[in-house]
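> I'll drop the sequence and a predicted model, then ask my questions.
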Amino acid sequence: MNIYVLLKKTFDTEEKIVVSDGRIEDDSAEYIINPYDEYAVEEAIKQRDEHGGEVTVVTVGDEDSEKQLRTALAMGADKAVLINTEDDLEEGDQYTTTEILAAYFEDKDVDLILAGNVAIDEASGQVGPRLAEKLDIPFVTTIVGLDIENETVHIEKDVEGDVEKVETSLPLLVTCQQGLNEPRYPSLPGIMKAKKKPLEELELDDLDLDEDDLEPKTETIDIFLPPEKEAGRILEGEIEDQVKELVSLLKDEAKVL
């Protein structure tokens, strides 16, 4: 099977993110593989081990994205592709990313493409479905189960806490949700092997793309951190007095009553 994973470099939300003048200060930010993409990498490796073939991870980003690709290779992926737009694009959005990926996959023999359900930085969840439409292949989002039998694919899809069962066929694109699997940690031998695995770097010219055709369809007006949460308040005294005070606070301060 020819299995591909769409991977994105995202901010580590467990680290402190600094925003200045409406922009995130990249120098102080820590980057990781988008956590939902880790489910996609893990599932791709499992499907390859069961059905044969190879796993290629693909990202659209800058030179520093090589670190996340090497991590995916250390997890067990076979090859990696970095489509470097650092010198060609000042800005982009989901449309831009989709157009670049569609050009990359134009001449590829694809059986299965996996992606994360959303990216934790923008959380649009659009790139996977948009790409499937461009490639004219079926897609299923938020999957929590994947079983392939020959050309038939049995999927369990998360729907607001419940599960919907879907049957479709290859080629196919899916986006992966928490609960699909438990992503493995790169082992020391895996990290050593990853250094020797092929990592191809492409630019827009290699895909016959022009910067003018990739202008984003959306505009970011502002970037800001959410307000800090206020400390909770503990009510004291008799239960009856606490209830009265709580009702008063909900009505007069929170204004939810």
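That came in fine, so what should we check first? Numbers count the residues shown, from 1 in each chain.
> and the end-to-end length of stretch 29-40?
End-to-end distance for stretch 29-40: 24 Å, by CA to CA, to the nearest Å.
> what residues does it touch?
5-12, 15, 17-18, 41, 64, 67-68, 71-72, 75, 114-121, 175-178, 180-181, 183 (CB atoms under 8 Å, 6 or more residues apart in numbering). (Each C-beta comes from the backbone N, C-alpha and C, glycine too.)
> can you pull the buried residues of that stretch?
Within stretch 29-40, the residues scored as buried using 16 or more other CB atoms under 10 Å are 31-40.
> Can you list the low-confidence ranges for the stretch 1-150 of the chain?
26, 28 (pLDDT under 70).
> residue boundaries of the helices in it?
All helices of the stretch 1-150 of the chain, identified by DSSP state H, counting those that start in this stretch, fall at 35-51, 66-75, 94-105, 127-135.
> ok, back up a step: could you give me the ChimeraX selection string for whichever of the contacts of stretch 29-40 are buried?
A single ChimeraX command is used to select the members of the contacts of stretch 29-40 judged buried by 16+ other CB under 10 Å:
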select :5,6,7,8,9,10,11,17,41,68,71,72,75,114,115,116,117,118,119,120,175,176,177,180,181,183
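> out of the buried residues of stretch 29-40, who's nearest Lys195?
The nearest member of those to Lys195, counting by CB to CB, is Ile33 at 17.4 Å.
> in the sheet, who's paired with the closest one?
Lys9 (DSSP bridges).
> Also Gly61?
Asn84.
> what's the burial count for it?
20 (other CB atoms under 10 Å).
> Return the residues in contact with it.
8-9, 82-86.
> Gly145 too?
Here Gly145 is in contact with 154-156, 163, 180 (CB under 8 Å, 6+ apart).
> How confident was the prediction at the closest residue to Ser169 other than its chain neighbours?
Leaving aside its sequence neighbours, Ser169 sits nearest to Glu151 (CB to CB, 6 or more residues apart in numbering; 5.2 Å). In this model, Glu151 is scored at 83, pLDDT.
> Now tell me what touches stretch 124-140 from outside.
Residues from elsewhere that reach stretch 124-140, judged by CB under 8 Å, 6+ apart: 6, 94-95, 97-99, 101-102, 105, 110, 113, 115, 117-118, 141, 155, 157, 166, 168-169, 171-175.
> Scan the contacts of Gly145 and report the most crowded one.
Counting neighbours by other CB under 10 Å, Leu180 comes out on top of those with 24 neighbours.
> sorry, back to before: can you put the helices of the stretch 1-150 of the chain in TSV and add distance to Leu146?
Shown next, in TSV, are the helices of the stretch 1-150 of the chain (distance: least, CB to CB, whole Å):
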stretch	distance to Leu146
helix 35-51	6
helix 66-75	17
helix 94-105	20
helix 127-135	14
